[in-house]
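S.K.: Build the 3D model from these lines:
(chains A and B)
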Amino acid sequence: MAQGQGAALDRKKLMADPIMMTTIVLLIAFLTLFILYPLAILLVDSMYGAKGFSFDTFVRIFQLKNFRTAITNTLAVGFVVGILSTLIGLLFAYVEVYVRMRKAVGGLFKVVSMLPVVSPPFVLSLSMIMLFGRAGLITRFALGIYDNNIYGYWGIVVVQTLTFFPVCYMMLKGLLKNIDPSMEEAARDMGASRWKVFTTVTLPLLLPGLGNAFLVTFIESIADFANPMIIGGSYDTLATTIYLQITGAMDKEGAAAMAVVLLCITLGMFAVQKYYLERKTAATLSGKASRVRMLIEDRSVTIPLTILCSLAAIFVILMYLCVPIGALFPTWGYKFTPLTFKWFEQVFTRYRGLQAFRDSFVLSLIAAPITALLSMIISYLVVKRKFRGKGFIEAVSILAMAVPGTVLGVGYIRGFANGLFHTGILSGLYGTGAILVIVFIVRSLPTGTRSGISALRQIDKSIEESAYDMGADSLKVFTSVTLPLIKDSFLSGLVTAFVRSITAISAIILLVTPSYLLITVQINEFAEKGAYSIACAFATILILITYGSVVLMNFIIKHFGTSRKVREVEST
Amino acid sequence: MSGNGKKAPKGVRLSHVSKIYQNPKTGKDFYAVHDVDLDIEPGSFVTLLGPSGCGKTTTLRMIAGFESPDEGEIYLGGQPINQLTPNKRDTAMVFQSYALFPHYNVFDNVAYGLKLRKLGREEIREKVTNILRLVELSDMEQRMTNQLSGGQQQRVALARALVVEPGVLLFDEPLSNLDAKLRVQMRTEIRRIQQALGITAIYVTHDQSEAMAISDNIILMKDGVIAQMGSPTEIYYHPNSEFVADFIGECNFLPCTVTGRKWEDIEATVYGYPVLVRSEETYTGGEAEIVLRPEAIEIADQGLLPCRVELSCFMGSYQNYHVRVGESLVKIADNCPIGRKTYQVGDMAAISFRSECAHLLKIQKEDKAVISEK
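M.R.: Below is the predicted model:
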């Protein structure tokens, strides 16, 4: 049997569609150049030196004691953070889905799930130091402990857990909602206690999902750069070690080899998560809940769980609140009154805050729409069209999710500082704002693509087919049907990309040149120096910007989004 | 379009068309459509009928251009169209899910294709108004599509396809999301509009009664190949295989031995009893099967073949019997049974039928599993 003709015709039809063709070619070029190539060059650089191919660099870095320690440190942190985040996330998700609680508690939950999204990644490290450090508000002034050492293993674990558990919470909430309540009712009906139902029905169904949440957090923790940097003290993880290898030891080959090691770890976990656990989760929890779940009203259950979660939520919120409040104290840990705006003034008068905010803002503002559009185009191609190279586009844009920022940063340094393959071609790109924008795009592309794909999967394929059938070409189908239908998703992708870009640090810190001042880099510097008040002032303004853009997005979606029409109709 | 089709309808011809898919589990290639050869007259209404997985929808999607044939050529109005993308083909499709644009109102949905053709504003308004009148949705122009009932959405989908005056109209199981009563009403409606406009229509369904009610011709498919083509009566009364006979309605099969010919009829014996079957085929003897529709059989105390009643059930419009004749189970629909004798389980009786109501089939080895999957 020859499928040749059909394939040839499909190809011809594709060729007859120049817009599609150009888009695909450009996309593949972009993904290859800015995701695959920087990773490939790391591998090449660490194995191919003056003597040809050898594993010398790897041998050398593995002989470095601090690198070996960094590996065990990273894994030790990641493992514990993964477990703790999953457990806390599960608790929150379970309480939200299963337990009847007051509206106010639900509000707290929402705030908790929202905070890590709008805040820069290392805010909790700052507040941790300010609350529990040597001059901490709680440790020194409330408890009278003067020598509390939070720098190191436990500091990182606590901060990362608090940062990442909301992600687990959101993931597990989605899964729990998909469990058909009648399964649990059947178990209850046959005589199982509530605890027994949880352990014999709910938990086994959720198990792959828990594994999934664990690995996602594990990867996030391993890839995290800013928190270990600020609160790690002398406890180095892979991400910080690589950074120091470049900035401190000036050993670019060594850093490249280390980056390869880090990448292998995250990629391996990502592969397990993506191809094994996600599939399993989908297999056990594919069904939709057939009807509304009867919430647990038993006070002996609801009261302790509500109190536990509320306290945890309030604690997290207080940690975040500590940042703006900290920026208002005259001298942290010494003089608390009167509250003052002097740090905010200094941000602009002494520390070139205006330039920092302008640079961060403008670069993120350029990156965000490009990212949103790119991820929508990629999702459209992946979900709705078939062509050769589709697998490549999907794989690479999702793969970028598993690439730690530090690895990407090192890849860009190696890949572009001396031009492509060190030949000088395109070397003009390095050190410009353009490369920062590209890094922003690459860093946000996977999340945007993932949410775009799930939005598009919900649109019946035949809607677009019918437009195509009516005589619209690909561009027309995309602009007149697809895009209007996923307007909301596009908009939230836009804002997510903006927020992620303006709060990004791990890759950027390796690539930024003195000609650009970026807020996150500034905050990191001040926190490193121990200038917490000024760091807090910067961070507060940053949170205001990101929070403001999220509010703006919700407003626009509510009043101008596609779903508005649908909602209006449903209420008539 | 204004109700009288200015454009001539186009014929469709498939010349040895095949489509190969890969089985996702085994990785093996198989023919989803195999060597389909058919010629559809301009202006006729043709149904592709068959169980799920028979290749009917794939065939339709190849005509629309969403799938490319791996072998063979498709002609529309005499022109080969294999190389054309769907938007360049003179076809319009009505989808199973209607595929209305949820962000447009009824008017804009219908006007979509006309706007792409760069028609003037006035012309578009006139055409859309006319077509909406034809599908009886004149007062719904400004509604959003999710404010419409299923039947109304169906009409919008139909109007949207009709308004571009396609050379051929394609239907992909358009009524399967409607409830039973509305389905009957809409199929009559579709047939009425198709005849009024004189447009060529190709219609995919798995519902045999829908196919019979609506079509000039039925193409019954199975496992990617055409099992039988013909008018509804031809296919119903002269099925060429057990599969066709069984798919197109309830059916009984009685094994028989052909013994000779008597005028227009063939003489045969069933479990030793002589019967007559109308057939033009020149059987000279041997094993065959008699195909009998339940409504063509009479049950009485005396008759051609003695039987024992195994089930007797009042269905309203008819009395349903299952009787045992020799080793065969025979289903009988005794229409309008009132005033006649009703047999009970265990009763002995006899069945008879007129020779022209029976059809003779050569014995075929059929895959029973596939046949029963309707």
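S.K.: helix/strand/coil for the residue nearest in space to the middle of chain B?
M.R.: Centroid-nearest residue in chain B: residue B:211, 3.0 Å away (criterion: CA atoms, centre = their mean). Secondary structure of residue B:211, reduced to three states by DSSP: H, G, I helix; E, B strand; the rest coil: helix.
S.K.: Help me confirm that it comes into contact with residue B:47.
M.R.: Yes. Using CB atoms under 8 Å, residue B:211 is in contact with residue B:47, at 4.3 Å. (Glycine included, C-beta is placed from N, CA and C.)
S.K.: what sits in contact with each of these two?
M.R.: B:203, B:205, B:218 (CB atoms under 8 Å, 6 or more residues apart in numbering or on different chains).
S.K.: and those as CSV, adding distance to chain A, neighbour count and pLDDT?
M.R.: Output for these, formatted as CSV (distance: CB to the nearest CB, whole Å; neighbours: other CB atoms under 10 Å in any protein chain shown; pLDDT from 0 to 100):
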residue, distance to chain A, neighbour count, pLDDT
B:203, 16, 28, 95
B:205, 16, 23, 93
B:218, 24, 28, 95
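S.K.: Now do stretch B:226-235, average pLDDT.
M.R.: The average of the pLDDT scores along stretch B:226-235 is 92.
S.K.: contact partners of it?
M.R.: Here stretch B:226-235 makes contact (CB under 8 Å, 6+ apart) with B:36-38, B:50, B:211-212, B:215-221, B:238-241, B:243-244, B:247-248.
S.K.: Any buried residues in it, and which?
M.R.: Neighbour-count burial for stretch B:226-235, with 16 or more other CB atoms under 10 Å in any protein chain shown as criterion, is recorded at B:226-230, B:232, B:235.
S.K.: By mean pLDDT, which helix or strand of chain A comes out lowest?
M.R.: Between all helices and strands in chain A, the lowest mean by mean pLDDT, DSSP states H and E belongs to helix A:562-571, at a mean of 48.
S.K.: PyMOL command for the buried members of the contacts of stretch B:226-235?
M.R.: Filtering the contacts of stretch B:226-235 down to the buried ones (16+ other CB under 10 Å) takes a single PyMOL command:
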select buried, chain B and resi 36+38+50+211+212+215+216+217+218+219+220+221+238+239+240+241+243+244+247+248
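S.K.: Filter the contacts of stretch B:226-235 down to just the ones in strands.
M.R.: B:36-38, B:217-221 (DSSP state E).
S.K.: Looking at the residues you listed, which is nearest chain A?
M.R.: Each of these was checked against chain A using CB to the nearest CB; the closest is residue B:36, at 14.0 Å.
S.K.: Now that closest one. Nearest residue, chain neighbours left out?
M.R.: residue B:17 (4.8 Å; CB to CB, 6 or more residues apart in numbering or on different chains).
S.K.: looking at this, the one you found is in a strand?
M.R.: Yes. If the criterion is three-state DSSP, then residue B:17 is within a strand.
S.K.: Which residues are in contact with residue B:87?
M.R.: A:468-473.
S.K.: farthest pair in those?
M.R.: Distance extremes for the contacts of residue B:87: the farthest pair is A:469 and A:473 at 11.9 Å, using CB to CB.
S.K.: okay, the two: which has more neighbours?
M.R.: Legend: neighbour count by other CB atoms under 10 Å in any protein chain shown for residue A:469 and residue A:473, higher for residue A:469 (27 against 18).
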